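Student: what follows is a predicted structure for the sequence shown.
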Amino acid sequence: MKRMVGFFLSTTVLLAAFNTNAADAVKVGAVYALTGPGAVGGGDGMRGTELAIEEANASGGLKNHGGAQIELVKGDSQSKPVNAVGETERLINQDKVVLIMGAATSNETVPLSQVAEKYGIPHINTIPQQESMTNGSLKWTWSTTLIDSDYVAGIFHALDMIHKLDPKKTKIAVLCPDNEYGIEMGKQLKAQLADRKDLKVVSFIDYGAAAQDLLQPALKVKASQPDIVIQVGYFRAGVLASKAYEQLDFHPIVIGTGGMSGDPKLRKEIGKLVAWQFAVTPFSADLPAAQKTGAAFEKKFQQPLTLNSALGYFGTKVAIRALDSAKSFKPADIADALRKVKFRKDEMITSSDYIEFDQNGRNKGRDTTITQFQGDKLVTVWPPEKATAKPVLKNFNTP
Amino acid sequence: MKPMLLLGAVIALLAALAPFLSIYGQHIFVLVALYGAVALAWNILGGMAGQMSLGHALFVGAGAYLSTALYLKLGVSPWIGLVLAACLGGALGALMGYTVFRRKLSGVYFALVTLALAEMTLHIVSNVSALGAANGLAIPARPSLANLQFTSKLGYCYAALAVLTVAAIVIIVIHRTRLGYVFLAIRENERSAAALGIDVVQGKVIAAAISGALAALVGPIYANYVLFIDPESVFGITLSIDALLFSFVGGLGSLFGPLLGTVVLVPLTELLRGMLAGRLAGIHLIVYGVILVLVMRLAPRGLWGLLSDAIARRRA
């Protein structure tokens, strides 16, 4: 019994040491995966949210509400849907947050949005692109990011851009992860590639989202002799795919999704292997409005502003503006403010043209940009009006 | 006190306590009851019959998907789905047990086969568009008793408690009948059990079927509570490891040790995450790990063993 008492006492002391309360402020919640397999993307999203709130507080808080400060209450979904539910319940019922943001993947965000719906608390979806969250079935969710079909449209813009530079590049291989993101993207890519008579799909390969290396899928892709590889996935897969291409002496033109081919951290991780890769992304760090945020982010966290950080940051900016313009912090007033909130083109740090929600909470100004690693820089090469450099058509790992 | 009477008293106490908990407290209550039921189900095969499973998520996931798909596609009430889920879980358990035990696979080989089956199912379901593929299935919120959805958390508390009660009653019944002795004999020494005339394969298959049926019962309640299922969350290895962990920490093979493990570890996880998660990423898991090491060090036979020793010393 003494041991049991000792165990419970030591646990209590351990917990008490961490338990302090912050001063009164308007509480907003953010649920991201801070641990588990989704911790890289979730942590990035949370850091973006932290920076946006810190900036808002430093510049006088919510001015229309007497300079009220914003207190961020964090939740860790541990990359599990049931914990996303639990954390959202905790933030809403225990911490009494007036608005909730998150998460980084759709399998956490869909149940999170259901909880927000149940309690009638506004929810800002900052990162996942699952279309079902903004198809009209949810009344309390607003999405500041893209949907899957936007990425697919962006990939076709990239293909057209390459086709203009070299019309002979027509053989396409697609590499997709076997998770929810990859399967959905793969389905849409397959359908649209089938309609393009000017392009020939030579292989469509799945890879394990949790795989430790991508040699085997990369070998299959190489065997199909494509001119262009479209690769769908996140940062980790981007590293593994590039290393596999290098080992196999494989030199295609690469178009990837933002996290896989356009994450600024790739340069540090795989060096010159990232050169010339195109990425279809909802965020370009070299866009004028994004540069200031990038510098502030790097100063605070000693790391570059990544895609998820930028999306988390921007979603939080939208939330803050809505909170500031809301008549009160009652859910209905915040929802009303979100329906009216607008961001002009010059205020956008993401690739989208502007922010204005439709009646389903989906942004009407959604758009992607295409980036490319050129030398030490990650530059925007498309669309022409946003481009900071011209696209260079060079194969993977070539001088 | 007789076990059934004690169980009745504990269940009545829990049922009376639930309305007084905060909403977040009720969420933890639901989790404890659901994980507790899975751990008890696991304990029938893993603890009582000594066949370590690493794939119990297979049964939970099968139950969750069957009930949800029937409800979404054919409008079948999740209550009927609950019964069908138990039948499916039992059938899967029996099938798995029959195929594996007949070939005398046990120990680590059995564990690996169960793990492989759960992972295979995860990947198959991830590619079946009728089951939502990797996107999963979202259940529209339509609270009504017929839909196994409740307007308040209290309804879920009682639904989860009911499943836990069923699992606990089954355990007590097994323990008090010949079947309990059969499982015990198989666990302690299969050859001796066979020499005594026990059909070892049949005993193990029965354990797998009962265990599978009970674990599958959790699936529909989980699905209607979270209102979303995807292959990773219900077929993933994390759920299987959780069932095993709760049983080890609580006391492997003991009647209610796995439940005690769940009662301690689930609220502890939630409490740690709530208090620490926002301060430093992963710190709550580190503290959780330290506490697990402490438990293993202080109570090698699990918390149930620690409790039994303390009671025995007091009586002596």
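Tutor: Happy to help now that I have it.

Student: which bits of the stretch 201-316 of chain B sit near chain A?
Tutor: Listed as neighbours of chain A in the stretch 201-316 of chain B under the rule CB under 8 Å from any CB of the partner chain: B:222, B:225-230, B:232-233, B:238, B:268, B:270-279, B:281-285, B:287, B:290-291, B:294-295, B:298-299, B:306-307, B:310, B:313-314. The way it works is simple: take the backbone N, C-alpha and C, and place the C-beta from them, glycine included.

Student: isn't A:Thr293 right up against A:Ile349?
Tutor: Yes - applying CB atoms under 8 Å as the test, A:Thr293 and A:Ile349 come out as touching, 5.2 Å apart.

Student: any shared contact partners between these two?
Tutor: In terms of CB atoms under 8 Å, 6 or more residues apart in numbering or on different chains, A:Thr293 and A:Ile349 are both contacted by the residues A:Ala310, A:Tyr313.

Student: may I ask which helix or strand of the chain has the lowest mean pLDDT?
Tutor: Using chain A. Here the helix or strand of chain A ranked lowest by mean pLDDT, DSSP states H and E is helix A:2-16, holding a mean of 51.

Student: was after chain B, sorry
Tutor: Quick look at chain B via mean pLDDT, DSSP H and E: least confident is helix B:283-298, a mean of 79.

Student: what is that one packed up against?
Tutor: Helix B:283-298 is packed against helix A:2-16, helix B:237-250, helix B:257-276, with contacts defined by 3 or more CB pairs under 8 Å, 6 or more residues apart in numbering or on different chains; DSSP states H and E.

Student: check which element follows the first one along the chain.
Tutor: The reference is to helix A:2-16. strand A:26-32 (DSSP states H and E).

Student: given that next one, what are its sheet partners and their directions?
Tutor: Using DSSP bridges, the strands paired with strand A:26-32 are strand A:70-76 (parallel), strand A:99-102 (parallel).

Student: who touches it?
Tutor: Against strand A:26-32 from outside (CB under 8 Å, 6+ apart): A:42-43, A:45-46, A:49, A:53, A:62, A:65, A:68-77, A:84, A:87-88, A:91-92, A:95-104, A:108, A:112, A:312, A:316, A:319, A:323, A:329.

Student: now that we have these, which of them are buried?
Tutor: A:42-43, A:45-46, A:49, A:53, A:62, A:65, A:68-77, A:84, A:87-88, A:91-92, A:95, A:97-104, A:108, A:112, A:312, A:316, A:319, A:323, A:329 (16 or more other CB atoms under 10 Å in any protein chain shown).

Student: hmm, back to that, any chance of a ChimeraX selection covering the buried ones in the residues of the stretch 201-316 of chain B next to chain A?
Tutor: A single ChimeraX command selects the buried members of those (16+ other CB under 10 Å):
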select /B:222,225,226,227,228,229,230,232,233,268,270,272,273,274,275,276,277,278,281,282,283,284,285,287,291,295,299,306,307
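
Student: picking up where we left off before, B:Met48 is nearest to which of the strands paired with strand A:26-32?
Tutor: strand A:70-76 (35.2 Å; CB to CB).

Student: tell me the angle the closest one makes with helix B:283-298.
Tutor: Relative orientation of strand A:70-76 versus helix B:283-298 (axes from the mean of the first three to the mean of the last three CA atoms, to 10 degrees): 40 degrees.

Student: contacts for strand A:70-76, please.
Tutor: Contacts of strand A:70-76 (CB under 8 Å, 6+ apart): A:22-23, A:25-35, A:42, A:46, A:49-50, A:53, A:56-57, A:61-62, A:83, A:87-88, A:90-91, A:95, A:97, A:102, A:320, A:323, B:273, B:277-278, B:281, B:284.

Student: one more time with 6 Å
Tutor: Strand A:70-76 is contacted by residues A:22, A:25-31, A:34-35, A:53, A:56-57, A:87, A:91, A:95, A:97, B:273, B:277-278 when judged by CB atoms under 6 Å, 6 or more residues apart in numbering or on different chains.

Student: mind checking how far A:Glu71 is from B:Val163?
Tutor: Between A:Glu71 and B:Val163 the computed distance is 38 Å (CB to CB, to the nearest Å).

Student: swap in B:Gly274?
Tutor: Taking CB to CB, one finds B:Gly274 at 25 Å from B:Val163.

Student: ok so, going back, kindly export the least confident helix or strand of chain B (C-alpha atoms) in PDB.
Tutor: The C-alpha coordinates for helix B:283-298 follow below in PDB (Å, rounded to 0.1, in the frame of the first residue of the first chain):
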ATOM      1  CA  ILE B 283       6.400  16.100 -22.600                       C
ATOM      2  CA  HIS B 284       3.200  14.400 -21.500                       C
ATOM      3  CA  LEU B 285       4.300  11.300 -23.300                       C
ATOM      4  CA  ILE B 286       7.700  11.400 -21.600                       C
ATOM      5  CA  VAL B 287       6.000  11.800 -18.200                       C
ATOM      6  CA  TYR B 288       3.600   9.000 -19.100                       C
ATOM      7  CA  GLY B 289       6.500   6.800 -20.000                       C
ATOM      8  CA  VAL B 290       8.200   7.600 -16.700                       C
ATOM      9  CA  ILE B 291       5.100   6.600 -14.800                       C
ATOM     10  CA  LEU B 292       4.800   3.400 -16.800                       C
ATOM     11  CA  VAL B 293       8.400   2.500 -15.900                       C
ATOM     12  CA  LEU B 294       7.600   3.300 -12.200                       C
ATOM     13  CA  VAL B 295       4.500   1.000 -12.300                       C
ATOM     14  CA  MET B 296       6.500  -1.800 -13.900                       C
ATOM     15  CA  ARG B 297       9.300  -1.300 -11.300                       C
ATOM     16  CA  LEU B 298       7.000  -1.100  -8.300                       C
END
